[in-house]
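K.L.:
Next comes the sequence, and after it the predicted model I'd like to discuss.
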Amino acid sequence: MNHYEKTERLSDIDFKQIIGVKRKTFAAMVEVLAAAYFEKHKRGGRKPKLTLEEQLVMTLKYLRQYVTQKELAYEFEVGEATVHDIIVWVEDTLVKDDKFQLPGKKALLEDDSIEIILVDVTECPIERPKKTASVVFRKEEKAHDKNSGCCQQKHGRNHLYRGRTWKDTRF
């Protein structure tokens, strides 16, 4: 049983919730895809593994749930490249048709029934410590050697050498 046959058993409410469109809209989309498929394959061609309904279900699932194409390839038992090609073809075909086009910006601005809401999404600067010249142009410090005066204590003991120093040895 394919994916579309499973959806035929659903009620109208469940169909809308799972697929994302009403049955009438789905049927109209399939009609548009069938006409485009007929035009594309007038002279013949290879029969697709998935029906147009399954291709549309796959595309709507991708757009609605945004699963990966690899998951869709596994679920529908086709290759990833096939999934990509199907999604691109279905989207392009539906966008080119007048029934499924959204109105342009001018039409939306002229329509008084649509409210326009602006959301402020400007970026806020991140508080980071400022880089000063001493940090940017830091000089490497010289390594301390055993004989440097900063490492010795008052009594001739060396911090780096725990034993006796040269001065403490007596012959």
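P.N.:
Ah, there it is. Only a predicted model underlies this, so the values are computations on that prediction, with no experimental measurement involved.
K.L.:
Any idea how far apart the tips of stretch 14-26 sit?
P.N.:
14 Å (Cα to Cα, to the nearest Å).
K.L.:
Could you list the buried residues of it?
P.N.:
Neighbour counts using 16 or more other Cβ atoms under 10 Å place 15, 19, 26 of stretch 14-26 among the buried residues. To be clear about C-beta, it is placed using only N, CA and C from the backbone, and glycine gets the same treatment.
K.L.:
wait, what's in contact with the second one?
P.N.:
If a contact means Cβ atoms under 8 Å, 6 or more residues apart in numbering, then I19 has 7, 26, 57, 60-61, 64 as its contacts.
K.L.:
10 Å instead?
P.N.:
Counting by Cβ atoms under 10 Å, 6 or more residues apart in numbering, I19 makes contact with 3-4, 7, 10, 25-26, 56-57, 60-61, 64.
K.L.:
now swap in the last one and tell me
P.N.:
Residues in contact with F26, defined by Cβ under 10 Å, 6+ apart, are 4, 7, 15-16, 19-20, 53, 56-57, 60.
K.L.:
The same query, at a cut-off of 7 Å, please.
P.N.:
Counting by Cβ atoms under 7 Å, 6 or more residues apart in numbering, F26 makes contact with 19, 56.
K.L.:
which SSE is it in?
P.N.:
helix 23-40 (DSSP states H and E).
K.L.:
Now that helix: buried residues?
P.N.:
26, 28-30, 32-33, 36-37.
K.L.:
Any chance of CSV for the residues you listed, columns pLDDT and distance to Q69?
P.N.:
Output for the buried residues of helix 23-40, formatted as CSV (pLDDT from 0 to 100; distance: Cβ to Cβ, whole Å):
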residue, pLDDT, distance to Q69
F26, 92, 22
A28, 93, 26
M29, 93, 20
V30, 93, 22
V32, 93, 23
L33, 94, 19
A36, 91, 21
Y37, 92, 21
